[in-house]
Structure formats: C-alpha cells, structure tokens
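**Student:** Turn this into a structure:
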Amino acid sequence: MTNSSPETVLVFGASRGLGQAIALALANLGFQVGVGCRRMSDAETVAGLIRTQGGEALPLAVDVSDYAQVAAAVTAAADWSGPLAGAVNNAGIIEPIGHVADVDPASWANLITVNLVGAFNGVHAVLPRLAPGGVIVNISSGAASSPLEGWSAYCASKAGLAMLTRSIHHEYGDRVRVYGFRPGVVDTGMQAEIRASKINPVSELPRSSLMKPEIPAAGVAWLLRHRPAVLAGQELDIRDPDFQHRAGISPANT
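**Tutor:** As a prediction, the model looks like this:
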C-alpha cells in the first residue's frame, strides 16, 4: 500500500466485473473502500476480498435508483471514515437490447433511471461529503458518442452521463475533479448479455478479444490517486495512447 494516510473512496456497482476490480485496485493503493452493491451479500463478499489483501472496506447495500438508499450509503461511508476522497459511479445495466420500436418502454425508462439518474443520485449525495479536491469518476462508454444498433437506451444514458460529467466540472471544477472514463470492451457479465443478443458488431466480438477488468480498473485507480487537473471534466478512454502513457498502462494489455 502506498498512501501514508488512508483515504476513502465509495464505489457504486462494486459487486462484480469492473466495479469489483476497481474496488480491489483502490484497496491495493491504500484507499479504504466503501463497497456499494444492490445486495449486502455481494458487498460483504467484495469487502472480504479487500480485507484478505490487507485493506479496509465497508460493505453497503444500495440500489442507485433509490436516492434515499444512495444518501444513506454516502452518510454511512462518511461516518465511517470522515470526508470522502472520491466516488466511482459504475452501476449500470444494458437491457433492454432491441430496436427502438420493439423494446418495452418501461424497461427503456428503467435503464435510464439506473445508468443516468443513478449516477446523478451518487453525485448529488456525495458532493457535500467530498474532501477538498475530491474526485468523482463516472464510468462512461464509447456508446456516449457513437450509436449502436439495439442500444438506444444504453447509448442515450451514456451520452447523458457524459454531459453530467461536463456539468459537474463546469459548476464545481474549482473544488472537485470529475472524469468520465471509458473502459473499453471489458470481459464482464454484461458482455455475456451483449454477446447473446447478436444485434451489433460489439455483440460479435469473441470473448478472447475482450479486456480483463483489472486493466481499466488500474486506470480508474490512477485517476483517484493522482487527480490530474489537466484531464478534469473530460471523457477519457483506456485505449487512448496519451492516457496509457500518463497512467503507466501497457498498450499491449489494451
């Protein structure tokens, strides 16, 4: 561990895949981690993994679509550790996958609620609890700027999230560092759902070509550790050579 005085980061959507990898990467850098998952059993599992590697973790049950639960999780994390060093908005879903005229409107709206409103809930609750110079990382996607067949809800949610990132920077950039982070195509459970759909080029990618979640997780942890002012308010991509150079990530791994 490299931090001389432990700081705490709250990770929403930490149960598995990229979120779990982010939580573990942060713990490895010496951060205390608030592990936010929909199910307490998942949060306790990830917290246990962190403790196994010598870190400190607080398991939290939180559904990001419910503002009261998000606010309670933020309060619990801050009460546990004091002002928060940062937060990661990783919670997200991919369904419904389908053409605009075919998807269920309620499912479409639910995705927007989880992916976009959920991130807003996290930001709204965290801002008053962030230490000066605190960091917010919103997990974005190339879908924020490029439409993909069958992904209208997901693309719209990520495009909205990208503008939320810019808005936070515009309004609070004097005291908060906020980043949109695009992790690339990562080998997660969500990708299994995507491959099953067979609806667009991303769904046709072989699993062997997908990035291990530990790679983008290292990029997120680097942002929270170093808080680069020059990158604040931007959409950052793990596949960008400049970002790879800054973060010390090997291009061969991405």
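
**Student:** mind listing the helices for the stretch 51-200 of the chain?
**Tutor:** For the stretch 51-200 of the chain, helices defined by DSSP state H, counting those that start in this stretch occupy the ranges 67-81, 105-112, 118-126, 152-172, 189-197.

**Student:** okay if I get those helices as JSON lines plus mean pLDDT and distance to residue 223?
**Tutor:** Just so you know, the C-beta spots here come from the backbone N, C-alpha and C atoms, and that holds for glycine as well. Conversion of the helices of the stretch 51-200 of the chain to JSON lines gives the following (pLDDT from 0 to 100; distance: least, C-beta to C-beta, whole Å):
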{"stretch": "helix 67-81", "mean pLDDT": "97", "distance to residue 223": "19"}
{"stretch": "helix 105-112", "mean pLDDT": "98", "distance to residue 223": "25"}
{"stretch": "helix 118-126", "mean pLDDT": "98", "distance to residue 223": "15"}
{"stretch": "helix 152-172", "mean pLDDT": "98", "distance to residue 223": "12"}
{"stretch": "helix 189-197", "mean pLDDT": "87", "distance to residue 223": "21"}
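
**Student:** Of all the ones you listed, which one is nearest residue 21?
**Tutor:** Residue 21 lies closest to helix 189-197 among those, at 12.5 Å (C-beta to C-beta).

**Student:** what angle do that closest one and helix 152-172 make?
**Tutor:** In terms of direction (axes from the mean of the first three to the mean of the last three C-alpha atoms, to 10 degrees), helix 189-197 departs from helix 152-172 by 150 degrees.

**Student:** Show me how far stretch 155-163 is from its chain's centre.
**Tutor:** Averaged C-alpha coordinates place stretch 155-163 at 13 Å from its chain's average position (C-alpha atoms, centre = their mean, to the nearest Å).

**Student:** and what of stretch 226-235?
**Tutor:** 16 Å.

**Student:** buried stuff in it?
**Tutor:** For stretch 226-235, burial by neighbour count (16 or more other C-beta atoms under 10 Å) applies to 227, 228, 231, 232, 233, 234, 235.

**Student:** Dump the C-alpha coordinates for it into CSV.
**Tutor:** Extracted in CSV, the C-alpha atoms of stretch 226-235 (Å, rounded to 0.1, in the frame of the first residue of the first chain):
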residue,chain,number,x,y,z
HIS,A,226,-3.2,11.4,-8.9
ARG,A,227,-6.3,13.6,-9.6
PRO,A,228,-4.8,15.2,-12.8
ALA,A,229,-6.2,18.7,-13.2
VAL,A,230,-5.4,18.8,-16.9
LEU,A,231,-7.8,15.9,-17.6
ALA,A,232,-10.7,17.1,-15.4
GLY,A,233,-14.1,17.4,-17.0
GLN,A,234,-13.1,15.2,-19.9
GLU,A,235,-14.1,11.8,-21.4
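
**Student:** And for stretch 95-104, what's in contact with it?
**Tutor:** Residues from elsewhere that reach stretch 95-104 (C-beta atoms under 8 Å, 6 or more residues apart in numbering): 107-108, 111, 149-154, 193-194, 197, 199.

**Student:** so what's residue 70 up against?
**Tutor:** 12, 62, 64, 118, 121, 122, 125.
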